[in-house]
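Novice: need coordinates for the following:
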Amino acid sequence: MGEFAVSDDFFDGQTLRAASAAIFGGADILECVAIARRVKKNDLDGWYREWESAGQRAFDLGAAAEASGQVESARLAFLRACTYFRTAGLVFLGPDADARLGRSIDRQREAFRRAIPHLRAVVEPVDIPFGSITLPGYHYRVAGDGARRATVILLNGYDGTVEELYFANAQAALDRGYDVLAFDGPGQGSVLVEQGVPMRADWENVVPAVVDWLLDRGTADPDRIGLIGWSLGGFLAPRAASGEHRLAAVIADANFFDLYESVLARIPSPLRAGFAAGRPAVVKTVGALLDEVAQRPTGGWNLRRGVFVHGVDSVRDYIRETPAYTLKGYAEKITCPTLITRGESDEVSASAHETFEAITAPKEFFTFTDAEGAGGHCELGARQLYFARAYGWLDRILQPSRLAS
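Specialist: Numbering: from 1, shown residues only. The predicted structure is shown next:
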């Protein structure tokens with residue numbers, strides 16, 4: 001896809017991710033580029049400092065605008081603050097998480113909730129009971145008219161937050177007439193950072209509790225509930241649909257079929273077979289290599305994130321967790337229409353065709369290309385194109401303009 005803002009691959013990807021929120025007021029594109037370019041390569045402290053400062057400037061602007069009755073300026077400023085605070089802290093997503101990660105979760109939530117009164121929807125912060133914990137989220141409604149509408153449930157990824165889901169999918173769905181329920185699940189956002197609950201593979205046992213909660217509210221048409229997952233959510237959504245058959249449609253954005261196979265594909269080819277076979281010398285060698293990579297400030301972030309999100313003690317323990325994250329034996333249990341998407345250059349979703357081939361329910365597969373600017377992970381460079389194609393597919397199934405009686 002090429003460089004967006006800076007030469008550091010990790011910082012560049014996160015800058016594009018922040019800038020993609022500009023579609024719905026969550027960023028200014030060149031402001032994001034300017035922030036990133038003030039950060040030195042591998043400087044995690046500098047990254048946090050620059051993005052947190054930008055978030056505070058936007059938050060202060062929002063507070064001043066709100067006090068002056070300038071509600072549109074306040075809305076946009078608070079939304080930018082939300083994105084910038086989130087972007088600041090995510091670099092510390094790893095073992096022995098820096099306190100700045102917790103501050104980032106808190107500040108983005110504060111900024112987003114300051115924006116809620118100024119959004120063009122009915123928005124309610126909610127807590128969904130799930131065993132001994134709660135799954136915090138937001139219930140968005142097109143209007144408070146009591147109508148039962150087609151509703152989409154949104155699933156996040158490895159390092160997203162429920163507030164980010166507003167920019168990723170919620171407002172796009174609202175604009176098309178859907179009600180929306182977004183939440184942080186196990187291993188995500190505040191559930192991970194504040195409640196200490198790690199990721200789990202069996203989302204076929206997580207999403208049913210969310211559907212139960214939604215149906216108890218009486219606002220959703222029970223025959224028109226969709227599930228949309230992006231990034232890791234592109235795996236979690238079909239996994240959930242394998243056991244939750246009240247869903248009428250599923251979108252898996254940036255899907256992969258088997259996480260362990262994806263990990264193996266990234267191990268140097270001379271060592272791959274020996275590692276997969278569990279040969280002690282090879283396992284030790286690969287473990288040492290991965291431990292070294294994990295120490296790199298930006299280059300090791302993915303591995304440190306995996307250790308933290310899965311609640312384990314080492315990179316090798318993280319890899320031992322990955323075989324559970326598979327759609328083998330699950331994809332064929334999906335009964336509702338399913339859309340699988342991938343970006344042409346996205347390594348994460350390289351195995352998405354395997355999921356598509358395994359599904360026996362009605363299905364479609366969309367590839368987004370580099371030429372369209374959409375070939376990267378989750379089509380971040382061209383989300384409007386993604387929305388047009390993905391929601392165009394979903395609209396034909398769920399018919400959001402139709403109100404239930």
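
Novice: which residues touch residue 6?
Specialist: Applying C-beta atoms under 8 Å, 6 or more residues apart in numbering to residue 6 gives the contacts 12, 15, 36, 37, 39, 41. Where you see a C-beta, it was placed from the backbone N, CA and C, and this is true even at glycine.

Novice: mind jotting down where the strands sit in the stretch 51-200 of the chain?
Specialist: Secondary structure of the stretch 51-200 of the chain (DSSP state E, counting those that start in this stretch): strands at 122-130, 133-141, 149-155, 179-183.

Novice: what lines up beside the third one in the sheet?
Specialist: Each strand that strand 149-155 pairs with, and the sense of that pairing, follows from DSSP bridges: strand 179-183 (parallel), strand 220-230 (parallel).

Novice: go on, the second one?
Specialist: The strands that strand 133-141 pairs with in its sheet are strand 122-130 (antiparallel), strand 179-183 (antiparallel) (by DSSP bridges).

Novice: in it, what counts as buried?
Specialist: Buried residues in strand 133-141, counted by 16 or more other C-beta atoms under 10 Å: 134, 135, 136, 137, 138, 139, 140, 141.

Novice: closest to residue 332 among those?
Specialist: Closest to residue 332 out of the buried residues of strand 133-141 is residue 135 (27.8 Å), distances taken as C-beta to C-beta.

Novice: among the strands paired with strand 133-141, which is the most enclosed?
Specialist: Of the strands paired with strand 133-141, the one with the most neighbours on average (mean count of other C-beta atoms under 10 Å) is strand 179-183, at a mean of 27.

Novice: alpha carbons of that strand, as CSV, please.
Specialist: Provided in CSV are the C-alpha atoms of strand 179-183 (Å, rounded to 0.1, in the frame of the first residue of the first chain):
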residue,chain,number,x,y,z
ASP,A,179,-30.1,0.8,15.2
VAL,A,180,-26.8,-0.3,16.6
LEU,A,181,-25.4,-2.1,19.7
ALA,A,182,-21.6,-1.8,20.2
PHE,A,183,-19.7,-3.3,23.1
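
Novice: now the helices for the stretch 151-300 of the chain?
Specialist: 164-165, 171-175, 189-193, 207-217, 233-241, 259-265, 269-276, 280-294 (DSSP state H, counting those that start in this stretch).

Novice: dump the fourth one to PDB, keeping only the CA atoms.
Specialist: If I follow you right, that is helix 207-217. The C-alpha trace of helix 207-217 is given here as PDB (Å, rounded to 0.1, in the frame of the first residue of the first chain):
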ATOM      1  CA  VAL A 207     -22.700 -13.100  21.600                       C
ATOM      2  CA  PRO A 208     -25.800 -15.000  22.700                       C
ATOM      3  CA  ALA A 209     -25.800 -13.000  26.000                       C
ATOM      4  CA  VAL A 210     -25.600  -9.800  23.900                       C
ATOM      5  CA  VAL A 211     -28.500 -10.900  21.700                       C
ATOM      6  CA  ASP A 212     -30.600 -11.800  24.800                       C
ATOM      7  CA  TRP A 213     -30.000  -8.300  26.200                       C
ATOM      8  CA  LEU A 214     -30.900  -6.700  22.900                       C
ATOM      9  CA  LEU A 215     -34.100  -8.600  22.500                       C
ATOM     10  CA  ASP A 216     -35.100  -7.900  26.100                       C
ATOM     11  CA  ARG A 217     -35.000  -4.200  25.300                       C
END
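
Novice: contacts for it?
Specialist: Contact partners of helix 207-217, identified using C-beta under 8 Å, 6+ apart, comprise 126, 128-130, 135, 139, 151, 153, 155, 181, 183, 220, 222, 225, 227, 240-241, 243-244, 246-247.

Novice: ok, now the first one?
Specialist: Counting contacts by C-beta under 8 Å, 6+ apart, the residues outside helix 164-165 that touch it are 21, 83, 86, 108, 138, 154, 156, 182.

Novice: contacting residues for the closest residue to the third one other than its chain neighbours?
Specialist: Put plainly, it is residue 86. In space, and not counting its chain neighbours, residue 86 is closest to residue 108: 4.4 Å by C-beta to C-beta, 6 or more residues apart in numbering. Going by C-beta under 8 Å, 6+ apart, residue 108 touches 55, 81, 82, 83, 85, 86, 161, 163, 164.

Novice: pretty sure the second one sits against residue 59.
Specialist: Yes: with contacts counted by C-beta atoms under 8 Å, residue 81 reaches residue 59, the gap being 4.0 Å.

Novice: what residues of stretch 200-207 count as buried?
Specialist: By neighbour count on 16+ other C-beta under 10 Å, the buried set for stretch 200-207 is 200, 201, 203, 204, 206, 207.

Novice: quick one: end-to-end distance for it.
Specialist: Taking C-alpha to C-alpha, to the nearest Å, the span from the opening residue of stretch 200-207 to its closing residue is 12 Å.

Novice: for the stretch 51-200 of the chain, give me the ranges with low pLDDT.
Specialist: For the stretch 51-200 of the chain, no stretch has pLDDT under 70.

Novice: how close does the most far-flung residue of the chain relative to its centre get to residue 293?
Specialist: The C-alpha centroid of the chain is most remote from residue 281, which lies 36.6 Å away (C-alpha atoms, centre = their mean). For residue 281, the distance to residue 293 equals 19 Å [C-beta to C-beta, to the nearest Å].
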